[in-house]
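# just a sequence and a predicted model for now, questions to come.
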Amino acid sequence: QLSPTGAWTPLLGPTSVPMFRKPIPVTGTHKLGGSDVKKLVKDLQKKFVGMSVESAESIVAPLGGKKTVLTLVKCQAPSRMQIYLSDGAPIVIDHSGKGDLELTYFALWRVPGALGKPIVVKHAHVTHYLLKGADLMLPGVGSAEDGPAGDFKKGQVVAISCPGNPLPFAVGEVQMSRTEFLAAQSGIYVKVKTCVRDALWALAASQLGRPELTPNRGFGESEIVAVDGQGNRVENDEDEAISPGSDGGEEEEGDEDEEEDEETETDDEHEERLPSMSDLEIAESPVVTVSMDTQIDTALIRAIKASIKDSELPMLSSKFWGQHVVPHRRGDGPALDVKRSVHKKMSKLFCEKIKQGWLFGKEDKHTKEIAVTSVCRSHKDFAGCDLSYETFAELELKEQRINDAATEAVAANYTGAAAAAFASNAGGRKNAPALVFEEKLRPPVSASKVFAELGKVDTLDNEHAPVRFPFDALYTKAEAGEVVKAYCELFQLDKNAPSGAHYLLDPTLCDALFKGVSKKSENFPTFAKKKDVCGDLWLGRFLKVTSIKRGAKRLIKKGGVPPMTIQSERRAGDRKVTRVFGFEQYLIEAEELRETLATKLATHCTVCDVGATKNAKALKEVVASGNAVEKVAGILENVYGVPRMNVATKDLFKGKGKNK
């Protein structure tokens, strides 16, 4: 249907399809040809009246019919749903398999106006709940002007976007007409069908084509925020705040007389955002305009005092200059050029510094080049030289770290074959991101009242103020000890204690320490030693977990981390193979490990399911041809950073066989 504003309005389907909350069971995929691309373009024009040919082609084949890979994914029975993928991105959903087409947010990223004017939520806080699976409630929309243009009807499919971010992040179905919207005060306004970070997004993340999963930097892990003209993230400084217990866009009405510059904390402040070059904390000072001779002397002095080691001498002047002097030039200054100095030649520069006593050297007999034999680090000329500047090498290292962090954050979104393809093309990096283990403590339920009492004090003046000790956070031993210390200081439990080394135990603290431990017939103690309260009595109630981090990926594991297993076995007669399993808890993708082992071992490797049960999904294992137990253990240590103590090996052939 054609709306009064001329926007493309889809013909309404007979049923409402819920959001993709669970993984999509796929039975098969096959590649479509050029005729299928043309047919899908025509079907979109027929479904969405008023859509031009150029817009339909931009959705289906943005790179052209011959360059675009169009794939059809069929879902498991009894569902007849089919999903069209364009270069790995799910762009169109056919719910019935008979032309009941619906555009996804991936398609709207290519043509943002394909569903007409999007519904704009009231503020970025609402997106936090929509990304968790909630529907859009009426309080989450400011006014009718923020909704679809014209006289919208119940059942109309619309896009949902965030203020300040032009690209939609969800697609849903309107649950009331414009007249009902103006009269209602609460209720579901839009029933969300597909939203970023749902199962449809996970399907795209597993595709070998590695489609774009975040169209701009405003698409965070738990919230969508505004972006500026360059597409960089804009932090939300709105005065309005919502209660964590509200539902999908409902917020408390604030006082209209509040100052506009009052800041409220958002969930996104705790989110590790995608790094950008703007994160470089470089002072915007003017470029240092000093002579080339002064810059060369400063870099040379810093190299002598901070870089050169006596064990590296003697050293040719060309190596001395390239590996030590050049990296220590000012990061905000121009490149060092001897020809622009008074010396004009490298040999004259080093001869002059030898005469001044900065260096000691002689001419090399073979190359006829000056070789530096020793340096003077305590020369009187070095006394007034300022060496506190940021060097060119330090600036390059900072940029490289930010680029690596950005690459790791993007790679963390992909799974399966897409992760393997991303790893193989990650700028030539040989090793995976570093693996970091950290032991943490999770608060027990018996201690919830202790955390609640501390939270009341933190939110006494401001209901939305940050809490120092949140109950759902993870703590180190020192941090957990600070919690009980803060509680004892708050209620002055050391005031009437038997001695200065004891704490009185009030009912809340006594339950946190002894509830469920002491027998019902036993009386709870009324006091305890401070070292016991802040030590074993308190820390012993916490649940031990292990925080595992690799790049931008994180995993919380109860207790310790079980070892990865590598074992060899015989299959199909005398065929020797090596099995590797248990790598998921070390944040290693099966397809990525398969590709790495196939390259390093120069042998055939496959990925198989193992350990599937009725209530648990199947884990993966990588099977490599030949007996390569020790080689695989070395690859896991050198490439993925898995310590040998965390790898259990079982070689049935004792090193015999191919790839031994």
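That came through, no problem.

# elements contacting the strand or helix carrying Glu438?
Following DSSP states H and E, the helix or strand that holds Glu438 is strand 435-442. Packing partners of strand 435-442 (3 or more CB pairs under 8 Å, 6 or more residues apart in numbering; DSSP states H and E): strand 543-550. Where you see a C-beta, it was placed from the backbone N, CA and C, and this is true even at glycine.

# for the closest residue to Tyr586 other than its chain neighbours, phi and psi?
Nearest residue to Tyr586, sequence neighbours excluded (CB to CB, 6 or more residues apart in numbering): Val642, at 5.6 Å. Backbone torsions of Val642, given as degrees, to the nearest 10, read phi -80, psi 120.

# check contacts around Val642.
Leu435, Met564, Tyr586, Leu636 (CB atoms under 8 Å, 6 or more residues apart in numbering).

# give me the distance between it and Gly634.
Using CB to CB, to the nearest Å, one gets 10 Å for the distance from Val642 to Gly634.

# tell me the angle of the longest helix along the chain relative to strand 543-550?
What stands out as the longest helix in the chain, according to DSSP state H, is helix 392-411. Computed by axes from the mean of the first three to the mean of the last three CA atoms, to 10 degrees, the angle separating helix 392-411 from strand 543-550 equals 110 degrees.

# re the thing from before, measure the residue nearest to Tyr586 to Val436 for me?
Val642 is 12 Å from Val436, by CB to CB.

# which residues in the stretch 101-250 of the chain form helices?
Secondary structure of the stretch 101-250 of the chain by DSSP state H, counting those that start in this stretch: the helices cover 105-110, 125-130, 178-183, 199-205.

# looking at those helices, which is buried most?
Most buried of the helices of the stretch 101-250 of the chain by mean neighbour count (mean count of other CB atoms under 10 Å) is helix 125-130; its value is a mean of 26.

# can you put the helices of the stretch 101-250 of the chain in TSV and add mean pLDDT and distance to Pro525?
Formatted as TSV, those follow (pLDDT from 0 to 100; distance: least, CB to CB, whole Å):
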stretch	mean pLDDT	distance to Pro525
helix 105-110	94	59
helix 125-130	90	44
helix 178-183	84	61
helix 199-205	87	51
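
# present those helices as TSV; the columns should include distance to Arg233.
Formatted as TSV, the helices of the stretch 101-250 of the chain follow (distance: least, CB to CB, whole Å):
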stretch	distance to Arg233
helix 105-110	17
helix 125-130	13
helix 178-183	31
helix 199-205	19
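
# touching the strand holding Glu438 from outside, list them.
474-477, 480, 539, 542-550, 556, 561, 586-587, 640-642.

# could you pull up the mean pLDDT of whichever helix or strand comes after that strand?
Using DSSP H and E, the helix or strand that follows strand 435-442 in sequence is helix 448-458. For helix 448-458, the mean per-residue pLDDT is 91.

# same thing with stretch 619-626?
91.

# likewise for stretch 291-308?
89.

# so which bits of that stretch are buried?
Across stretch 291-308, burial judged by 16 or more other CB atoms under 10 Å covers 292, 295-305, 307-308.

# looking at those residues, which is nearest Thr391?
Arg302 (7.2 Å; CB to CB).

# and for the helix or strand hosting the closest one, what's in contact with it?
Assessed by DSSP H and E, Arg302 sits inside helix 292-306. Under the criterion CB under 8 Å, 6+ apart, residues 288, 320, 324-330, 333-334, 336-338, 340-343, 349, 353, 358-359, 375-377, 381-382, 385-387, 389, 391 lie in contact with helix 292-306.

# how far away is Phe48 from Leu115?
8 Å.

# nope, Pro314 is what I was after
Applying CB to CB to Pro314 and Leu115 gives a distance of 73 Å.

# look at the two and report which has more neighbours.
Counted by other CB atoms under 10 Å, Pro314 and Leu115 do not tie: Leu115 has more neighbours, with 26 against 13.

# hmm, that one is touching Val158, no?
Yes. Between Leu115 and Val158 there is a contact under CB atoms under 8 Å: 5.8 Å.

# overlap in contacts, these two.
Joint contacts of Leu115 and Val158 (CB under 8 Å, 6+ apart) are Val171.

# could you pull up the mean pLDDT of the strand or helix carrying Asp511?
According to DSSP H and E, Asp511 maps onto helix 507-514. Regarding helix 507-514, the rounded mean pLDDT is 90.

# next, the angle from it to helix 448-458.
Angle of helix 507-514 versus helix 448-458, following the same axes, to 10 degrees, is 140 degrees.

# tell me what helix 507-514 is packed against?
With contacts defined as 3+ CB pairs under 8 Å, 6+ apart, helix 507-514 has these neighbours: helix 448-458, helix 477-490, helix 536-539.
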